[in-house]
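A.B. asks: any chance you could fold what I've pasted below:
(3 chains)
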Amino acid sequence: MQSYFEIKNLKINYNTFEGKKNILDIEHLKIEKGKTYGLVGESGAGKTVLALTILGLLATPPGEIESGQIYFDGEELLSKKEEEMRHIRGKKIAMIFQDPMSSLNPVFTVGYQMRQIIMKNQNVKEKEADKIALKMIETVKLPDAENIMTKYPHQLSGGQRQRIIIAMALSCGAEMLIADEPTRNLDVTIQAGILKLLKELQEKLKVTVLFIANNLGLVSAICDEIGILYKGKIIESGKVKEILNHPKQPYTCTLIDAAVQNESIQQNKKETRGKVILEVQDLKKHFPVNKGFFSKPAAWVKAVDGVDLKLYEGEVLGIVGESGCGKSTLVSTILNLQQPTSGKVIFDGKDMYALDKRDLRRTRKNIQIVFQDPFWSLNPRMLVKDIIGEPIKVHEKNGTEELIERTESLLEMVGLPKEGVFKYPHEFSGGQRQRIAIARALAVNPKLVVLDEPTSSIDILSQTQILELLEELKEKLKLTYILISHDLSVVNSMSDKIAVMYLGKVVEYGYSKDVFHQPRHPYTKALFNAIPDLHMEGVEGLVSLEGNVPSAINPPSGCRFHTRCPLAQEICSVKEPEMVNLGNQHSVSCHFSEMNGPEAKSS
Amino acid sequence: MYRNFLSSKALQPRIKELKFSFYLLKRNQLTKISLFIVLGLIILAIISPYVIPYPEHAQMGTNPQDKLLPPSSQYFFGTDELGRDIFSRVLYGTRISLNTALLAVGLALLIGIPLGAIAGSIGGYIDEIIMRITDIFLSFPPLLLAIAISSILGPSLQNAMLAIAISWWPWYTRLIRGQAISLKERQFVKAAEAIGTSPIKIIFSHIVPNCISPVIVQASMDMGGVILTIASLSFLGLGAQPPTPEWGLMINTSRNYFLNAWWYSIFPGIAIFITVLAFNLLGDGLREILDPKTRKN
Amino acid sequence: MVALRSYILKRLLLGILVLFGVITITFVITRIIPSDPAAKWAGPRATPEQIEAARIELGLDEPLYVQYGKYIHDLVKGDFGHSLRSRQPVSAELKAHIPATIELVLLSTVIAILLGIPLGIYSAKRKDQWLDHFSRFFSIGAVSLPTFWVALFLQMIFYNILGILPLGGRVSTEVALLYTLPNITGMLIFDSLITGNFVVFWDALLHIILPCITIALYPIGLVARMTRSALLEILNEEYITAARSYGLSERIVLWIYALKNSLGPTATVVTLSIGYTLVNTFLVESIFSWPGIGRYIADSVVSLDYPAIMGVTIFSACSYVLLNLIADIIIALDPRIRI
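C.D. replies: Model prediction:
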């Protein structure tokens, strides 16, 4: 008895210059009608290749289907001709793409594109198609559908675009959906909304879903069954609960560990107070927009708009917030890469922007950064010895032999063999490169290290190791960290204190355990509850925020969060809330921080 | 002992890259053939003074009693109005064309690369000024500026070379500026900035080495166009002057005789065509081979 | 819309700046000439006094900035100075030569676009099939041919050997003697067509075939190559895969989804091909005895007639800048830029 959807012995190779490379080898995968199957794996595991193969869109060459069958509703897909596949695509199986920006045609309006799809798949005339399109846009819960139809893709926000992509896939009237990491490029609070929508639509329309993701948490919340894809093979599959509770493969355990969140708040963080190492006072950084050659800037992007922070020696400060909240700008201002518009950055008692060149150089040496993406942060044309040696050369005078010895010992310190000094960065894996980046940051014995999303671009196995290394180095070298991450579990496991940013301002600040356990700002709450955790049943518990992140050019009046806040009252749009200290250095800027206290958390 | 490491390990990735390029080259027959032709032309350019049958015909020598003879076993491509062996002159022309083109492109690179790197990495008003100047240069139709400049400098091969360099550098400036701008946003440049490396050092040790290869590729692809431009200028009387055996000039002189002496115009033209075609084919192939998109697959 | 208008305004300002730069460059290069224009003007056997008089007559004795001011002032009035050869105003000579060149350029560009774009599209559509190989080889071959040589070659075949097409000129002498040539736009083919003079039209058509083919060859190759690569790039975009995944037919994907995205590249291609046809006229007009600015500049170059050379340079650069401006405005209609 065949299942509704079934893959048997599928082998796909890629022809590269080093010969054939097997990239997908799936022995067996089946999905029953109306169910949701989650396929979890990291980038490079072959997920997208599988999706394209099912639809017959895999580019051959370089791809090559060696063997296998894909059965769908009693038919075998791989043996079908292109012409026949065109009737399957869209009408029977539709795909939701990962990146909504690049999968919408930029030169046509949303309405035009939907109309084309509907006309083709449902055999209707233009007027009828428009009606269906409107209905579909309403189905994906976008307000003001008629207006949206006339918009070009770039005029919509990321969340809106992803909803349009879903509407397009649905408007084909497909019985099966392939969702290829549909929330990957979205902010967490928007992601929650898309997940909820997908789940709801799946139940309502009884479609079968193949849900592809890189995160176990996402999948476990909405899927019935899951499969773990590792290097092209499904290494484990079964019911969600079974896999979560009794993982058989070590790789699955790693994935589970990576997804575990709030339950593991570390209680052992000390509350010692050393001396203040970094103080940021009312820092502002505004960028001019649309500046012509002669004209005055038309507007200002208020990327950072009045931030106060205090960092004590030996502490780890985590900064969280969605993209566009200003965390990167804040960091580059602290690093002296950008002149602030106003405000002060005081490092070790010295005002950074009032120092002369020589003192600045000396101070700068004490602040170093580890960037997010180790593939882009190391100069591909330089040997490792020159990469790590660069800061040493800039700040100290050294002989060549001595320099090489220094770099060797730095490499060993970050757990890499010292022979690596004469290699190029691309000879190392992502995790190893990040170690090189760490070694470079530590080369001149800084006091403060900024970690900008240090683990988000490397594979899950290395993530944990990098975090452990950072922890270990911190103790050994008495470092202070600023940790920026959108991954709350990372922030959570490392930071002593957390600052939550929204649209250029810090809205909540305090010890990690206070902020995590008793978030007082509605935005913090939303942020923490937007990511499905492993043991969540369904997606109902997810908090999703309405609307889009407003533009930093014209931030909302009063409290900047009021346009999306579930608690918003009249006062919020008029008066900007002060930062209120709630004791134990926990402060929050919300008019309703009192009634929004710990006891109100359940509401 | 460090030297040893350097020689063996450090070269490995480069060797792998090269191997990959050869693999791609092997798949592309046309590119392979054009590579051989180009290599042949370069060798010919070097050895031509020593192998041509009538070396003196490529210089000042004349041979009036044999004027305008059709191709024969004595004169493979026939003779011109002064009785000179066209075969010798065409072969020698390779040397002139390649040499001039190489100098012109090299000079254009010498101006274009630093300006582009500075414009792209520093930005602001300096960028604005440099780019507006390149805009002005680029807003002349191709060849026109070279005609204007070389007519002003006075007709000679050297001046034609200068004129080409002056009208060509903005392309490289623009190209390298684009590269520099994207590199400037790369994290390794940011990392160097955060370390405190000086801006000039960043330009020359981080930005230029990483954006120079596409420019070199572009320059080698431009060789065909530059050779054609030299021939065109010479044809107009602005480049090489008699008795230089330059192809364009030869065709220009042949105009007066072409109705009765077809060989006079045909052979220099074929020489231009083959040379330019080989360079263009090679350039086209190189573009594909070195294109990151091709490499990724 | 406001943004679009301000973009066009900005582009316009830039265009003016560029024109200004073009004029400045031509001024600078005429004033740094190694040979003395005054001596040239006074003639080969002039006495030093005569040369001095010529210097004053040409205004070369005044300070540079005064000369520059005068130069711009004259240009704005349409005065390009006097040709050193004929002593006639360059502007009048340009006016007499321009229509013939425009006729040639327009016709060649139309041919280049009509042949080049479809060639590029089919080549991209059938990538790596024989049509693609042929079209790629043809287009690279076309841009590798020396135009002036092609002109001689075609004359040799069609005039000398086959004897079916005329050697050069715009009309045969007999036709010119027997009929009054219409002169409305100065473009003979066009004029004879609207006045209904078909004998002249046919004769003019025969005369324009060879120059036209010669000039169009390079742009055909260029247009085909650029169209192919632009289209291939677009076909690799994710939204094309997405469109296919919704089951849209190849016809819609290629001719609607992909082509509309290539509007920008196409506008660029057209501008470029006009630029190249214009320059090719410089090389072949004198071969075909075509009385256009190409022949005018080629003759001026030989006698180093700087005012004439600069006149053609400024005219060509200005029209090229204008074309680029139009292309940029077309590209600006692309909604991606309309922010």
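A.B. asks: tell me the contacts of the residue in the stretch 351-500 of chain A that chain B sits nearest to?
C.D. replies: Across the stretch 351-500 of chain A, no residue is closer to chain B than A:Ser377, which sits at 3.7 Å (CB to the nearest CB). To be clear about C-beta, it is placed using only N, CA and C from the backbone, and glycine gets the same treatment. A:Ser377 is in contact with A:370-371, A:433, A:437, B:186-188, B:190-191, counting by CB atoms under 8 Å, 6 or more residues apart in numbering or on different chains.
A.B. asks: could those go into a markdown table alongside secondary structure, distance to A:Thr16 and neighbour count?
C.D. replies: Output for those, formatted as a markdown table (DSSP: H, G, I helix; E, B strand; the rest coil; distance: CB to CB, whole Å; neighbours: other CB atoms under 10 Å in any protein chain shown):
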| residue | secondary structure | distance to A:Thr16 | neighbour count |
| --- | --- | --- | --- |
| A:Val370 | strand | 32 | 27 |
| A:Phe371 | coil | 29 | 23 |
| A:Arg433 | helix | 22 | 25 |
| A:Ala437 | helix | 28 | 28 |
| B:Arg186 | coil | 26 | 21 |
| B:Gln187 | helix | 27 | 21 |
| B:Phe188 | helix | 27 | 27 |
| B:Lys190 | helix | 32 | 20 |
| B:Ala191 | helix | 31 | 25 |
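A.B. asks: restrict those residues to those near chain C?
C.D. replies: With CB under 8 Å from any CB of the partner chain as the criterion, the contacts of A:Ser377 include none near chain C.
A.B. asks: of those, closest to chain C?
C.D. replies: Of all the contacts of A:Ser377, chain C sits closest to B:Arg186, with 22.6 Å by CB to the nearest CB.
A.B. asks: what about the residue lying closest to the closest one once chain neighbours are set aside, distance to A:Asn336?
C.D. replies: Among residues not flanking B:Arg186 along the chain, A:Trp376 sits closest, at 5.2 Å (CB to CB, 6 or more residues apart in numbering or on different chains). Distance from A:Trp376 to A:Asn336, counting by CB to CB, to the nearest Å: 21 Å.
A.B. asks: again with B:Thr244
C.D. replies: From B:Thr244 to A:Asn336 the distance is 60 Å (CB to CB).
A.B. asks: higher neighbour count, those two?
C.D. replies: Using other CB atoms under 10 Å in any protein chain shown, the more surrounded residue of B:Thr244 and A:Asn336 is A:Asn336, with 21 against 18.
A.B. asks: measure that one to B:Ala101 for me?
C.D. replies: A:Asn336 sits at a distance of 47 Å from B:Ala101 (criterion: CB to CB).
A.B. asks: pLDDT wise, what is the residue of chain A most remote from its centre at?
C.D. replies: Most distant from the centre of chain A: A:Gly399, at 42.8 Å, with distances by CA atoms, centre = their mean. Residue-level confidence at A:Gly399 comes out at 71, pLDDT.
A.B. asks: what's the answer for A:Ala59, then?
C.D. replies: pLDDT at A:Ala59 comes out at 77.
A.B. asks: SS state for it?
C.D. replies: coil (DSSP: H, G, I helix; E, B strand; the rest coil).
A.B. asks: I'd assumed B:Ile207 was in contact with B:Ala192.
C.D. replies: No - contact criterion CB atoms under 8 Å: B:Ala192 and B:Ile207 do not qualify, at 9.6 Å.
A.B. asks: so is stretch A:113-131 next to chain C?
C.D. replies: Yes - judged by CB under 8 Å from any CB, stretch A:113-131 and chain C are in contact via A:116-117, A:120-121.
A.B. asks: so what touches that stretch?
C.D. replies: Stretch A:113-131 is contacted by residues A:90-91, A:104-105, A:111, A:132-133, A:136-137, A:149, A:164, A:167-168, A:171-173, C:246-249, C:252, C:256 when judged by CB under 8 Å, 6+ apart.
A.B. asks: and the end-to-end length of that stretch?
C.D. replies: The straight-line separation of the ends of stretch A:113-131 (CA to CA, to the nearest Å) is 14 Å.
A.B. asks: kindly report the same for stretch A:144-160.
C.D. replies: When the termini of stretch A:144-160 are compared using CA to CA, they are 12 Å apart.
A.B. asks: any residue of it up close to chain C?
C.D. replies: Yes - remark: stretch A:144-160 sits within contact range of chain C at A:152, A:154, by CB under 8 Å from any CB.
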